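Participant: Sequence and predicted structure below; questions after.
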Amino acid sequence: MSLCLNYISGNSSAPSTSCCTQLCTVVEAQPGCLCQVLNGGASNIGFNINRTQALALPGACNIMYVIILIL
């Protein structure tokens, strides 16, 4: 998700094409990675993530996905 850091950190108003391509790959292959980013995993390695931007990323890239919550 490194190609999306400018967007999900709030430094860019739109994700790059390369970010969206990478996001699509992650959604298909390793969707758990997205949960780790949203749950603060990126801050553990020194990245500040704007959670609102991160949650908006799939929509900004026109990527449809399903979130399954296990309670």
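Facilitator: Received the coordinates, thanks.

Participant: For the rest of this, base every contact and every neighbour count on C-alpha atoms.
Facilitator: OK.

Participant: nearest spatial neighbour of the spatially most central residue of the chain, skipping sequence neighbours?
Facilitator: Per C-alpha atoms, centre = their mean, the C-alpha nearest to the average position across the chain is that of Ala54, at 4.8 Å. Distances taken as C-alpha to C-alpha, 6 or more residues apart in numbering put Ile8 closest to Ala54, at 4.7 Å, once the chain neighbours are dropped.

Participant: Pretty sure that neighbour sits against Pro58.
Facilitator: No: under the criterion of C-alpha atoms under 8 Å, Ile8 makes no contact with Pro58, lying 10.9 Å away.

Participant: picking that back up, and the residue nearest to the centre of the chain, what element?
Facilitator: Using DSSP states H and E, Ala54 sits within helix 51-60.

Participant: That helix: which residues count as buried?
Facilitator: Going by neighbour count (16 or more other C-alpha atoms under 10 Å), the buried part of helix 51-60 is Arg51, Gln53, Ala54, Leu57, Pro58, Ala60.

Participant: Out of the residues you listed, which is nearest to Ala29?
Facilitator: Pro58 (14.9 Å; C-alpha to C-alpha).

Participant: Give the other helices and strands that the worst-scoring helix or strand of the chain on mean pLDDT contacts.
Facilitator: Using mean pLDDT, DSSP states H and E, helix 32-38 stands out as the lowest-scoring helix or strand of the chain, at a mean of 71. In terms of contacts (3 or more C-alpha pairs under 8 Å, 6 or more residues apart in numbering; DSSP states H and E), helix 32-38 is packed against helix 17-29, helix 51-60.

Participant: Rebuild these as a markdown table, extending it with distance to Gln36 and mean pLDDT.
Facilitator: A markdown table is the format used below for the helices and strands packed on helix 32-38 (distance: least, C-alpha to C-alpha, whole Å; pLDDT from 0 to 100):
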| stretch | distance to Gln36 | mean pLDDT |
| --- | --- | --- |
| helix 17-29 | 12 | 90 |
| helix 51-60 | 11 | 88 |
